[in-house]
Structures are given as C-alpha cells and as structure tokens.
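J.: Sharing a sequence plus its predicted fold:
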Amino acid sequence: MRFDPELAEIRFGCGLSPRHAPPKGPDEMLTALRAPDRAAQDWPIPGFDGALADARAYSAARRARKAAIGSPLFDVRDKDLKRQRARMRDHQAVWFTQRLLRCITTSNGFRERLTLFWADHFTAQGKIAALRYGATPYVESAIRPNIAARFEDLLIAAVTSPLMLHYLDQHRSTGPNSRRAGRVARRQGRVVGLNENLAREVLELHTLGVGGPYGQQDVRQLAELFTGMIYNIEDGFKFAPGWAEPGAEVVLGQRYDAEITGLAAIKQALRDLARHPATADHLARKLAVHFTRDTPDPALVAHLADRYRATSGDLMQVYASLLEHPAAWETDLGNVKPPFAYLASACRALAMPPAALTKLSRPQMNRFFLRPMQRMGQRWEFSNGPDGWPEADGDWITPQGLAERLRWCMSVPVQLMETLPAPLEALQDALGNRATAQLRFVASAAETEREAVGLILAAPAFQRR
C-alpha cells in the first residue's frame, strides 16, 4: 500500500482545504479518532435531551391551544404554538450549520465521514411534529460518541435511543400476554399487540443484512424480547416491565429472558447479533462500498470482515484494516459525493469563513443549502426509509441533480464570500495533484472568478471521492 495524503483527505475525509494539511499516514487518522472531539467543541450541538426539551415545549403549547378552543385565549395560544414551531425550525437550521461547519473546518475529516456513515446506517427520523427535528441531536447522543467503540456499543446506543424507538414504532409495541395488554383489554375493550418494525430492521439493516441467516420466527421472537423498551417525551427512554412479553424468547438459537433480567437480556441479544459472522460480512461490504466504489474489491470486503470477526467488532481495528488495504488506495475516484458531502467539500475547498455561514438567517440557510440539497436529491434528515440514503452513483447523477449542482456552484459561493480565490489557486486548493492540464486551462480561460470557481466545483473530478 502506498499512502496518498491528498487521496486520504478526499476519500476518507471531507475534501482538501487550504487551511488544513492532509494527514501524514493512517496512524495519524486513527489516533485523531481517539483524541478529544475538537469539532464538536468548536461547533456544539445539543444531545437528544435538547430535542426532548423542544418536544415538551411543543406538546405543552399544543395542549394549551386545544384547551383554549372557543375561548378568548385561543389566538394567544395559537401564536404561542406557531412561535414554538418557528423556534424548532430555527434550531434545525443552527444544527445543520454546525454539522456543515464541522466538515468545513475540521482537521480530522475521517471522524466526520464516519459519523455521517453510521448516522445513515442507523437512520432515525421524527414522524410527529414534536420530534420532527430530532435527528441531529440523536446523532450527537447515540452515534458520534460511539464511532470508535465496539459495534455492539454503537448498536445498543442507537437501538435504545428514543428517536429510534419512535421512528420504528417500538413505543407502540406491547407483549400480547403482558400486563398492559390484559389491562387495556379489560378496561378499554381493545387489543394492543406486537410491532415487529424495530426487530426486523435490526436484523435486516443494522446487523445480519438482507438475506441473513434468520427467519420470520427470529423476527417475532426478537420483537417480543424488545417489548418493554418505550419512550415518552417527558422522560426519554425507559424499560417498562408491564409492557414486556412474559417468558423467554429464542433468537437465532439463543435464549433470552427479559422477564428475569429486564433490559440486560435485550442488550445481550444485541451484543450477540453484533458479534455474529453475518454482521461482519454485512458491515464490511457497506464500509467498502461507502469508501471505495459501488462494486468493491472482494478482497477488501473479506479483509474487513475477517478483522471484524477477529476483534469482535472493534471498530478502530476495522478502520485500521480499511486503511491498510491496497484496494482502499486505488487512484481513480470511485464514488459520487452525495449532496451534503458535495456542498461541504466545496465550502471547505474555498476556505469559506465560518462567519459567512453563522450570520445566515433560517430563510437564507434554506435558500443557499437546504433547498438546493433537496433538489439534488437529498432532503436533510429525511431519507426515503430506514435503509438511509442510497450509495449507488446513479441515484445522485441525475439530470435535475447535476443541473442543481451547477446552479449552486455558479451562484452561491459568490454570494457568501466577499472575495473568491484566484482561479488557479482555487483549482489547486480543491483538487491538489488531481488538477489536470485541461482543468487548468478551463480555470484560467474563464471570464470571471465566479465562472472559474463554478467550473472547478462542477468538474467530475471534484464531484467524486
């Protein structure tokens, strides 16, 4: 393997930047993951408790408005609710800006890339107004602190997060023979029962993978084991024994009894799934696709899976195996940047001053970033399903998406920056040694710096990593 510092910053980081030297080697990249999280300190985002605080305020305002229907106070309460909605949208815009600034200013792009990868692997979204903007705080609490841990710790943190329980309807799942089911039947005359969504996605998406060695009975048993895991807006996550299905469950031949050990049995089941050989294969392929190309080298996938199994899912060891394999350092850039990564790398290459972003109002952030991203095919925090955003290049290279990328890079940087870099300087900053003679000619022949920068950022070489 021949380490390439610029390729490391492009493929495994957030792109080249004139403000930050590329890493000198894999050891530096890995050591940085264990170092204090400077980007999070510089651009703080609240954990999920912050989202719950918003949710509680929204729910209280909604209840107050409902109680005021038909009274003179209704208009006042209605305005209170609208102000809380606006406050939550403001928070989302600020949190998006902080995520963007972390990618633009970091000297440890590998951390940001891994955070985005695992956040997508464990996709969770708010499906009600009170939790609509909870995804970024969820990532801050459940994903980011665990990217350098064992996969089982990351899995447990994500699966037990209130937002995941909400997104996959686990808070509605009740053991058919639980105390709660009997109580509801007696008092309300209705049946409450099992919801298999979380169990199915844990097996199919989070651990073993589609086509993994499990069947419907395993889904059912895991769903019964998960009963008792609920959340509410006031308290967040909790284990409620009265909701849990009595007795032991058998998942992939292993017996777990939450009736006796409660949440410990659920965590053990998740640890066993994390350590399953099929999980190693599933995650190895996903990592290889994300960091190399849509059809990764089978030897690279096998190397990652072998290291995962040998270390019981020690993610730092898995990352080390990725960075040491020759297939990870193919010189051709194999993957198209998704919209967020594309915009972040463009701002990073231009050394866009943080103040240019922090001063933006919510409408301006929507106009310059969030709406363009949506037109490029990526609606921030709202993918089409629990499997997250697609990795295939064809999903991002569409006529509309490409047209929006060109429009953005021709019009937005000049509006955000007082002075654009000189064309050849911008080309070197953006692509380094991958700046071809043809691109140098195009950049120097452009009539204005705005056009030169736009052509550089629109170049296929810049849109790939």
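T.: Happy to help now that I have it.
J.: got the buried residues for stretch 114-130?
T.: 114-126, 130 (16 or more other C-beta atoms under 10 Å). (Each C-beta comes from the backbone N, C-alpha and C, glycine too.)
J.: just stretch 304-316 next, same as before
T.: 304-305, 307-309, 311, 313-315.
J.: do stretch 434-452 as well
T.: 434-435, 439-440, 442-443, 446, 449-452.
J.: nearest to A344, of the residues you listed?
T.: Nearest to A344 among the buried residues of stretch 434-452: R434, at 18.2 Å, using C-beta to C-beta.
J.: And that closest one, how far from A341?
T.: Applying C-beta to C-beta, to the nearest Å, the value for R434 to A341 is 17 Å.
J.: Restricted to helices, list the buried residues of stretch 114-130.
T.: With DSSP state H as the criterion, helices contain 114-121 from among these.
J.: Just give me the closest of those residues to G247.
T.: Among these, and counting by C-beta to C-beta, the member closest to G247 is H121, at 31.9 Å.
J.: before we move on, the earlier item: among the buried residues of stretch 304-316, which ones are in helices?
T.: 304-305, 307-309, 315.
J.: would you turn those into TSV with pLDDT?
T.: Formatted as TSV, these follow (pLDDT from 0 to 100):
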residue	pLDDT
L304	98
A305	98
R307	98
Y308	98
R309	98
L315	98
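J.: List the residues that contact A443.
T.: 423-424, 426-427, 452, 455-456 (C-beta atoms under 8 Å, 6 or more residues apart in numbering).
J.: what two of the residues you listed are the furthest from one another?
T.: Greatest spatial distance among the contacts of A443 (C-beta to C-beta): L424 and L455, at 12.3 Å.
J.: Those two: which has the busier surroundings?
T.: Using other C-beta atoms under 10 Å as the criterion, L424 and L455 rank with L455 on top: 21 against 15.
J.: The more buried one contacts A446, doesn't it?
T.: Yes. Using C-beta atoms under 8 Å, L455 is in contact with A446, at 5.9 Å.
J.: What are the buried residues along the longest helix anywhere in the chain?
T.: Criterion DSSP H: the longest helix present in the chain is helix 74-105. Using 16+ other C-beta under 10 Å as the burial criterion, the residues of helix 74-105 that qualify are 77, 80-81, 84-85, 88, 91-105.
J.: Who are the packing partners of it?
T.: Counting contacts by 3 or more C-beta pairs under 8 Å, 6 or more residues apart in numbering; DSSP states H and E, helix 74-105 packs against helix 38-42, helix 48-67, helix 109-121, helix 135-138, helix 339-349, helix 354-358, helix 362-365.
J.: Just the CA coordinates for stretch 280-296, please, in PDB.
T.: Presented in PDB, the C-alpha positions along stretch 280-296 are these (Å, rounded to 0.1, in the frame of the first residue of the first chain):
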ATOM      1  CA  ALA A 280     -19.200  -8.800   9.900                       C
ATOM      2  CA  ASP A 281     -19.900  -9.600   6.300                       C
ATOM      3  CA  HIS A 282     -22.800  -7.100   6.100                       C
ATOM      4  CA  LEU A 283     -20.900  -4.200   7.600                       C
ATOM      5  CA  ALA A 284     -17.700  -4.900   5.800                       C
ATOM      6  CA  ARG A 285     -19.400  -4.600   2.400                       C
ATOM      7  CA  LYS A 286     -21.200  -1.400   3.500                       C
ATOM      8  CA  LEU A 287     -18.000   0.200   4.600                       C
ATOM      9  CA  ALA A 288     -16.200  -0.900   1.400                       C
ATOM     10  CA  VAL A 289     -18.900   0.500  -0.800                       C
ATOM     11  CA  HIS A 290     -19.100   3.800   1.100                       C
ATOM     12  CA  PHE A 291     -15.400   4.400   1.000                       C
ATOM     13  CA  THR A 292     -14.300   2.900  -2.300                       C
ATOM     14  CA  ARG A 293     -16.900   2.200  -5.100                       C
ATOM     15  CA  ASP A 294     -20.300   0.700  -5.800                       C
ATOM     16  CA  THR A 295     -18.700  -2.700  -6.600                       C
ATOM     17  CA  PRO A 296     -15.900  -3.000  -4.100                       C
END
